[in-house]
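In: What follows is a protein structure lacking sequence information:
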């Protein structure tokens, strides 16, 4: 590792300009700059070497110009893409982080990042699990699945749970958490391979390929003849309409994401909202950032489950920053099988 | 009043057949039958003389053939329309009701009804307020406003509250309850007269005529520059879309009704559901029947407020069973100003 003060070359994935419709690889480009590996004197800044980067569907919303300060800020054209990642501290002015520490949190899509705002950084203390897990099961997607399922859905043993985008970074965990709770769980995904994964590796009771189903309402009815108590929603649009028609009384819909809608200039209309009324459905959006104060509680629950093999995690690993744009774009056509990670460096 | 055992003529409003689109007066007809005023020997049945009948938007859903036993049953073609009403007991086999008692609950649209299932009947013990109030503020719509606002919306002092269909049976109460809580309340309604009523008689902070607004999003933005915390939803469709764009973080939408959608064969699509996600909105449907066990608690709260003039109630009274079909149908074009009641008899 380079020493402090040194200026080194820094490969970066630059966000070119705001995106309309589906993002393309060419909405980003790779360039090489240089960076000082010294944190500014007297600052709280941290300089990190990025190891693993996380590709997450929510990043699409940051690719659109968004002037509303209450929402996630947009990426800045001409600057590196930002996202969650795992990194190693190279230099630090921050009292809580020292050289050599591993951390996860918001970083840049580049080899080295100067992080001035360390609020969103978590120190990694457990390294007996794959480091990349801190972009997934032990990072933001893991917290999302945990908070969304346990806090928002308030599940009870024996309930019927439906997870859309079920083999993704969040969905695969929701399904496993639900099984640990004693629920009946069905997932949908977009390929035969993913459906097999759900049934054979991730322990879902049943799964179906939504791309093969002309009629999503009937597909769900076949999987849930008694109806759905909990619908963990990652997809939006037509899937919500089909879900609403299959909900039971007092069902809950946790709105975690609506990936099918992110690239549309005009979102699809959802027509079956009336069912919210007479079925007393609670539909609730949540944002994982609200739950980060519970991160250590979450870790205490999930780490033992990983170590004991009670929870597994499927990752889709892309090698090298050069392949990061394709990996990110691939999320929106379902190219990834499991959590999409980009390896920048392994140590 | 006719004595027990007597057979008398019985004017009835008969439901002709299942309805598509907007209901018309001719979907019902008035006929005269005869009825025995004696409750069957050894039964729990109650024979009542109907005094006031309630016209409520939810009744539209009973005019459609509905095979789902978990939903409200359909009206039966050839039989009287059913709905909430105030009635006087003529004869009773039920231990809790005796001749001369006043009650409110589900009855028939006719002069006399034989009620075999008395589960949904409440005895009226307070007659220092207008009896018709038991079809409104002290009956189902009152419970709906109370449970929907206090239980579902969980309001806090100072919050911004929006009520659609605000001068209706439920809306006018939600607004007044919200003012008593110290909230800022804006209502929308469909005429200048109703808007004046909201502002001058019902104490709303502001109100607008949605029919005069081409752009509902801007109309709401003008009324709520800081956004909406609580949206009490009676309307559905475009109003939901406009509301979603004006919600604050952690806002609540109580879905009480969607009257604009009841007459459409294909409901309007709601496009802005994405806002549920990043604003952490909770959208929740509720059904007043779930709260009827709290009726006496509700009465203890609301009766004093009526007596002290802290809450007022606007009724639109139609005289006579012959005018009941028009009164009911008028709900769906907003003919009524305030709670629509039909007087069958005054004692």
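Out: That came through fine. These figures come from a predicted structure and were not determined experimentally.

In: Look at the residue of chain A found nearest chain B and report its pLDDT.
Out: The nearest approach of chain A to chain B comes at residue A:269, 1.5 Å away (CB to the nearest CB). Heads up, the C-betas are built off the backbone N, CA and C, glycines and all. Listed pLDDT for residue A:269 reads 89.

In: what's the neighbour count on it?
Out: For residue A:269, the count of nearby residues is 18 (other CB atoms under 10 Å in any protein chain shown).

In: Go ahead and confirm it touches residue B:266.
Out: No. With contacts counted by CB atoms under 8 Å, residue A:269 stays clear of residue B:266, the gap being 10.2 Å.

In: Dihedrals phi and psi, residue A:253?
Out: Residue A:253 adopts backbone torsions of phi -120, psi 110, taken as degrees, to the nearest 10.

In: next helix or strand past the helix or strand residue A:198 falls within?
Out: For residue A:198, the host element (DSSP states H and E) is helix A:192-200. Downstream of helix A:192-200, the next assigned helix or strand under DSSP H and E is strand A:206-209.

In: start to end distance for stretch A:47-63?
Out: With CA to CA, to the nearest Å as the measure, stretch A:47-63 spans 25 Å from end to end.

In: do the same with stretch A:180-187
Out: 15 Å.

In: Then stretch A:139-156?
Out: Start-to-end, stretch A:139-156 (CA to CA) is 25 Å.

In: Just the residues contacting it, thanks.
Out: The contact list for stretch A:139-156 (CB atoms under 8 Å, 6 or more residues apart in numbering or on different chains) reads A:54, A:56, A:84, A:86, A:104, A:133, A:135-136, A:161, A:169-171, A:173-174, A:177-178, A:181, A:183, A:229-230, A:232, A:252, A:254, A:256, A:284, A:286, A:288, A:290-292, A:294-295, A:298, A:301-302, A:339.

In: Try it again at 7 Å.
Out: For stretch A:139-156, the external contacting residues (CB atoms under 7 Å, 6 or more residues apart in numbering or on different chains) are A:54, A:56, A:84, A:104, A:136, A:161, A:169-170, A:173-174, A:177-178, A:181, A:183, A:230, A:232, A:252, A:254, A:256, A:284, A:286, A:288, A:291-292, A:295, A:298, A:302, A:339.

In: from the chain's centre, how far out does it sit?
Out: Offset of stretch A:139-156 from its chain centre (CA atoms, centre = their mean, to the nearest Å): 12 Å.

In: Return the set of buried residues in it.
Out: By 16 or more other CB atoms under 10 Å in any protein chain shown, the buried positions in stretch A:139-156 come out as A:139-150, A:152-153, A:155.

In: Give me the mean pLDDT for it.
Out: Averaging pLDDT along stretch A:139-156 gives 97.

In: and the residue of chain A closest to chain B, backbone torsions?
Out: phi -80, psi 140.

In: could you measure the closest residue to it other than its chain neighbours against residue A:209, distance?
Out: Spatial nearest neighbour of residue A:269, chain neighbours left out: residue B:269 (1.5 Å); criterion: CB to CB, 6 or more residues apart in numbering or on different chains. Using CB to CB, to the nearest Å, residue B:269 is found at 25 Å from residue A:209.

In: For chain A, which segments count as helices?
Out: A:140-146, A:171-180, A:192-200, A:216-223, A:238-244, A:274-278, A:295-307, A:324-330 (DSSP state H).

In: From the contact counts, what lies against the longest one?
Out: Using 3 or more CB pairs under 7 Å, 6 or more residues apart in numbering or on different chains; DSSP states H and E as the contact criterion, the elements in contact with helix A:295-307 are helix A:140-146.

In: try 10 Å
Out: On a contact count with 3 or more CB pairs under 10 Å, 6 or more residues apart in numbering or on different chains; DSSP states H and E, helix A:295-307 meets strand A:121-123, helix A:140-146, helix A:171-180.

In: still on that earlier bit, need the contact list for the residue of chain A closest to chain B.
Out: A:237-238, A:241, B:237, B:241, B:267-273 (CB atoms under 10 Å, 6 or more residues apart in numbering or on different chains).

In: how about CSV for those residues, with distance to residue B:118 added?
Out: What follows is the contacts of residue A:269, written out as CSV (distance: CB to CB, whole Å):
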residue, distance to residue B:118
A:237, 46
A:238, 45
A:241, 40
B:237, 38
B:241, 43
B:267, 36
B:268, 39
B:269, 42
B:270, 40
B:271, 46
B:272, 45
B:273, 42
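
In: what's the pLDDT at the closest residue to residue A:16 other than its chain neighbours?
Out: Nearest residue to residue A:16 in three dimensions, chain neighbours excluded: residue A:27, at 5.4 Å (CB to CB, 6+ apart). At residue A:27, the pLDDT value in this model is 97.

In: repeat for residue A:1
Out: Reported pLDDT for residue A:1: 44.

In: what does the stretch 101-250 of chain A have sitting close to chain B?
Out: With the criterion set to CB under 10 Å from any CB of the partner chain, the stretch 101-250 of chain A comes near chain B through A:152, A:227, A:233, A:236-237, A:240-241, A:248-250.

In: Among those residues, which one sits closest to residue B:80?
Out: residue A:249 (28.5 Å; CB to CB).

In: dump the residue contacts of the closest one.
Out: Residue A:249 sits next to A:227, A:229, A:278-281, B:70-71, B:287, B:290 when contact means CB under 10 Å, 6+ apart.

In: Check residue A:297 too.
Out: With CB under 10 Å, 6+ apart, residue A:297 has these contacts: A:146, A:291.

In: Next one: residue A:200 relative to residue B:20, how far apart?
Out: To residue B:20, residue A:200 is 48 Å away according to CB to CB.

In: Can you report how many residues neighbour residue A:127?
Out: Counted with other CB under 10 Å, residue A:127 comes out at 9.

In: Can you list the buried residues in stretch A:249-264?
Out: Applying 16+ other CB under 10 Å to stretch A:249-264 flags A:251-263 as buried.

In: Which strand runs longest in chain A?
Out: strand A:82-92 (DSSP state E).

In: and it, which strands flank it?
Out: Paired with strand A:82-92 in the same sheet, following DSSP bridges, are strand A:46-54 (antiparallel), strand A:102-108 (antiparallel).

In: Indicate which one of those strands is closest to residue A:217.
Out: Using CB to CB, those put strand A:46-54 closest to residue A:217, at 33.9 Å.

In: chain center to the closest one: distance?
Out: 17 Å.

In: How many residues are close by the nearest residue to residue A:213 once chain neighbours are set aside?
Out: Ranked by CB to CB, 6+ apart and with sequence neighbours excluded, the top spatial neighbour of residue A:213 is residue A:219, at 4.1 Å. Residues contacting residue A:219 under the criterion other CB under 10 Å number 19.

In: hang on, residue A:219 packs against residue A:210?
Out: Yes. In this structure, residue A:219 is within contact of residue A:210 by CB atoms under 10 Å, at 7.3 Å.

In: Give the buried residues for stretch A:113-133.
Out: Neighbour counts over stretch A:113-133 (16+ other CB under 10 Å) mark A:113-115, A:118, A:121-122, A:124, A:129-133 as buried.

In: Please state the offset of that stretch from the chain centre?
Out: 16 Å.

In: for stretch A:73-92, same thing?
Out: Worked out by CA atoms, centre = their mean, stretch A:73-92 lies 16 Å from the chain centre.

In: Give the buried residues for it.
Out: A:74-75, A:80-92.

In: Nearest to residue A:60, out of the residues you listed: which one, please.
Out: Closest to residue A:60 out of these is residue A:75 (10.3 Å), distances taken as CB to CB.
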